[in-house]
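A.B. asks: when you get a sec, could you give me coordinates for this:
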Amino acid sequence: MKPFFKLQFILFGAALLWLLPCPGYAYSPDAFRPDYQEADQGATGHGRSIKAYVDRIGTDNTTLLLTNKAGRASTTYTLSTSETIPSNITLKFERGAILSIDSGKTLTFAEGAGLYADPHAQCFSGSGAVAGLTKAYPQWWGASNSETSTSDESAIESAIASIRAGGTVFFFEGSQYYKIADAVTISKALTLEGQGEASEIRQATSNKGGFHITASNVTIKNLKLYGPQYATEKASEIAIYAYGADKDNYIANINLENCIIQNWGKHGIALSFVEDFQVNQCTIDDIYYAGIITLSARRGVIDKANVNNITGSPNAYGITLTRTGGAALTTYPRSSDITVSKAIVRGVSNWHGLNTHAGERISFVDCKVYDCKHGIYVTASTGASGNSEYAPLDCHVADCTVDSGVTNGSLHCGVEFYGSYTGGAVQEKATGSITDCLVRNCGDEDSATGFALGFGTTQGLVVKGNVIINPSPMGIYFYHNNHGFNISHNTIVDAWSDSLGAGTTYGIRAYPGGDGNNTGYIGDNSFSKDSDGTHSAATRLFETAIGIGNDSGNKIVLGPNYSEAATYREDAGDKCQMGKTGTFSTDGTGEDILGSTVIQGDTVGIKQTIHVVAAGQITGANGNKTVKFYFGAYSFTVHPAANDTEDWRCYVTIQRSASAVQRITCLGIHGTTVVHESSTDGSEDMTGDVTMKVTGECADAGDTITSKIWDVRIQ
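C.D. replies: Model prediction:
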């Protein structure tokens with residue numbers, strides 16, 4: 001053959017090879033292109049299906065490319081037999097290429113297998129399933145948040161179903177929203193993540209929820225969930241509802257971050273039988289019943305929540321940590337070990353800003369509550385009998401601000417703390433503390449029992465370091481059955497009322513009824529007038545600093561307080577155990593009590609100190625006179641037996657160093673002579689009551705020992 005013709009033959013052959021089909025090759029030797037005309041991509045067919053290439057490729061690392069036929073809006077590939085993409089293969093979709101999976105069939109991605117597709121374009125259809133992905137987008141199943149005519153619920157559910165445990169479904173921001181018609185259930189560990197407020201999921205059907213979480217290790221973050229309405233209560237309208245089956249089947253590690261929740265007819269977030277959860281920086285607006293509610297949840301943190309406009313009536317809650325009432329704790333345990341920090345709650349106009357019913361180890365820390373009927377309410381829960389049975393235990397309110405937002409006294413209390421009291425009997429006493437809070441403009445000014453801060457049926461409650469401004473008509477009010485409380489270092493300014501009669505405005509007042517049964521300490525508080533002038537012209541302005549009530553059940557230790565009130569203390573007779581006016585003297589011969597205080601169990605904490613000053617006079621020189629001081633079984637002599645008329649005084653400091661260990665220092669003075677000076681260890685069990693007293697004993701009935709000062713402080 002001549003060279004010219006030989007060259008032409010070679011070129012013709014090359015051109016012919018180029019025009020022939022090249023099975024398995026796309027843009028590079030390692031990219032295979034299945035044929036959309038294969039009837040079943042899960043069968044071998046003519047050797048150009050997904051299955052055929054998977055089988056042919058073996059263990060080589062390569063790519064399958066589903067292309068969109070030129071000139072078409074979309075090209076559909078059909079999978080009628082389940083198939084698995086192995087770990088060495090990446091399945092790629094050109095935009096417009098769609099894999100339709102028949103009902104009951106599954107395309108599974110083995111661990112390590114890849115999927116590459118435009119996250120804004122559909123690449124799957126049909127009623128079959130995809131499984132094993134680590135990341136998915138609802139758009140892959142046809143969802144769109146740029147128009148709202150069709151529901152995206154099925155696409156979202158398909159995306160969730162496609163994810164292996166620990167994977168992520170991502171929601172892009174858009175000009176409209178993802179529309180759902182029923183609640184979407186999350187039954188495995190995964191993350192739902194958006195891009196903020198523009199990644200909105202909207203429920204279009206009345207009385208339907210948003211997300212139902214039934215599995216552990218679920219995170220939802222940076223999403224907005226918008227409900228159908230919030231004007232009326234609808235039991236199923238809960239934006240995010242995470243729940244375990246019962247007390248024996250909690251779910252764990254539920255994390256909700258930076259979510260925006262609006263317009264739901266029941267709750268924003270509800271957590272029932274959930275443990276080890278976190279709710280961080282969520283904004284919740286326009287809810288009927290509760291912004292955030294926990295039911296028998298435990299070990300959780302709610303941080304920087306912003307809750308606004310909870311409108312339900314008669315009850316509604318900004319944040320409530322509670323249980324299902326009307327049942328035993330064995331069925332519905334307490335919510336426990338939960339901290340709510342830096343929350344801001346506004347506009348719960350009919351009920352409570354922050355609340356717990358029978359919570360245990362609950363803390364509200366550095367929270368702000370504005371424009372709520374009741375600010376922070378720590379209270380009891382009902383049992384199987386339907387009556388109050390279970391008190392809140394070891395609950396703490398610290399560094400919080402409560403402001404009613406009004407100055408006319410039309411709203412209710414700032415902070416309240418109640419145990420369980422039913423049918424005239426104590427069921428269980430509440431324990432905990434209210435410390436370092438600012439409470440402003442709280443109390444019902446036309447109610448004789450209105451107050452800013454109140455408590456009842458408690459054990460060892462500490463109310464310390466709070467600032468209460470413009471309370472009406474009382475700053476602090478305690479009902480009956482409070483044992484061993486400590487009200488100290490509080491500042492109360494301008495207790496007022498324009499509608500009540502005389503003698504109704506108090507800084508601190510005890511329940512005035514006949515069954516008070518209150519024991520505790522009130523000292524180092526400040527009662528002052530006219531902080532900001534708001535109520536300087538009130539009809540009743542700070543008439544009395546302290547009102548104890550002449551009730552035989554009240555045994556109050558009254559320490560030093562600073563007062564600008566018109567009357568420092570309402571006459572309490574012997575019911576106030578220290579700071580008593582008048583003199584107390586011996587009567588005839590024998591040992592008589594000149595001053596006595598019962599230190600209630602656990603009133604004084606570990607490392608706290610009791611300071612006692614007692615002083616008096618002696619008259620008559622007919623026989624020996626003796627003065628002694630007692631702390632439980634421990635005693636020392638202040639005035640040794642002597643026939644004189646010297647004054648006497650003693651100074652005692654008792655520091656509790658353990659439950660039944662004290663360090664006691666004593667100084668006894670007779671006239672100008674120190675007759676006793678000691679430092680010793682005591683062994684009184686201070687978890688129970690300890691009686692502290694000073695006594696006088698005269699050998700001759702014509703002599704008298706008088707107590708002029710009996711002053712006790714607890715610091």
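
A.B. asks: so what's residue 111 closest to, chain neighbours aside?
C.D. replies: Leaving aside its chain neighbours, residue 111 sits nearest to residue 87 (6.1 Å; criterion: C-beta to C-beta, 6 or more residues apart in numbering). The C-beta positions use only the backbone N, C-alpha and C, and glycine is treated the same way.

A.B. asks: break the chain into its domains for me.
C.D. replies: Per the record, the chain has its domains at 404-580, 584-714, by automatic domain parsing.

A.B. asks: so which of the ones you listed is the most surrounded?
C.D. replies: domain 404-580 (a mean of 21; mean count of other C-beta atoms under 10 Å).

A.B. asks: ends of stretch 613-626, how far apart?
C.D. replies: Distance between the two ends of stretch 613-626: 17 Å, counting by C-alpha to C-alpha, to the nearest Å.

A.B. asks: contacts for that stretch, please.
C.D. replies: Stretch 613-626 is contacted from outside by 583, 594-595, 627, 629, 637-652, 694, 696-700, 702-711, using C-beta atoms under 8 Å, 6 or more residues apart in numbering.

A.B. asks: which of the domains of the chain sits closest to residue 206?
C.D. replies: domain 404-580 (32.4 Å; C-beta to C-beta).

A.B. asks: read off the pLDDT value for the residue nearest the centre of the chain.
C.D. replies: The residue lying closest to the centre of the chain (C-alpha atoms, centre = their mean) is residue 340, at 3.3 Å. Note on residue 340: pLDDT of 98.

A.B. asks: beta partners for it?
C.D. replies: residue 302, residue 364 (DSSP bridges).

A.B. asks: before we move on, what about the one 4 residues further on?
C.D. replies: On DSSP bridges, the residues paired with residue 344 through beta bridges are residue 306, residue 368.

A.B. asks: helix or strand for residue 154, which one?
C.D. replies: Using DSSP states H and E, residue 154 sits within helix 153-162.

A.B. asks: what does that helix contact?
C.D. replies: 124, 129-133, 136-143, 169, 178-182, 184-186, 190, 192, 201.

A.B. asks: restricted to strands, list these.
C.D. replies: With strands taken from DSSP state E, the overlap with the contacts of helix 153-162 comprises 124, 129-131, 133, 136, 169, 178-180, 184-186, 190, 192, 201.

A.B. asks: from those residues, which single one is nearest residue 95?
C.D. replies: Closest to residue 95, out of all of those and judged by C-beta to C-beta, is residue 124, at 13.6 Å.

A.B. asks: still on that earlier bit, quick check: the two most widely separated of the ones in strands among the contacts of helix 153-162?
C.D. replies: Comparing all pairs in the ones in strands among the contacts of helix 153-162 by C-beta to C-beta, the longest separation belongs to 131 and 179, at 25.3 Å.

A.B. asks: more neighbours: those two, which one.
C.D. replies: Just comparing residue 131 and residue 179: by other C-beta atoms under 10 Å the higher neighbour count belongs to residue 179, 22 against 15.

A.B. asks: heading C-terminal from the one helix or strand residue 108 maps to, find the next helix or strand.
C.D. replies: Per DSSP H and E: residue 108 is located in strand 106-109. Next helix or strand after strand 106-109 toward the C-terminus (DSSP H and E): strand 114-116.

A.B. asks: residues of that following strand that come out buried?
C.D. replies: Along strand 114-116, these residues count as buried under the neighbour rule (16 or more other C-beta atoms under 10 Å): 114, 115.

A.B. asks: could you do stretch 250-258 as well?
C.D. replies: In stretch 250-258, counting by 16+ other C-beta under 10 Å, buried: 250, 251, 254, 255, 256, 257, 258.
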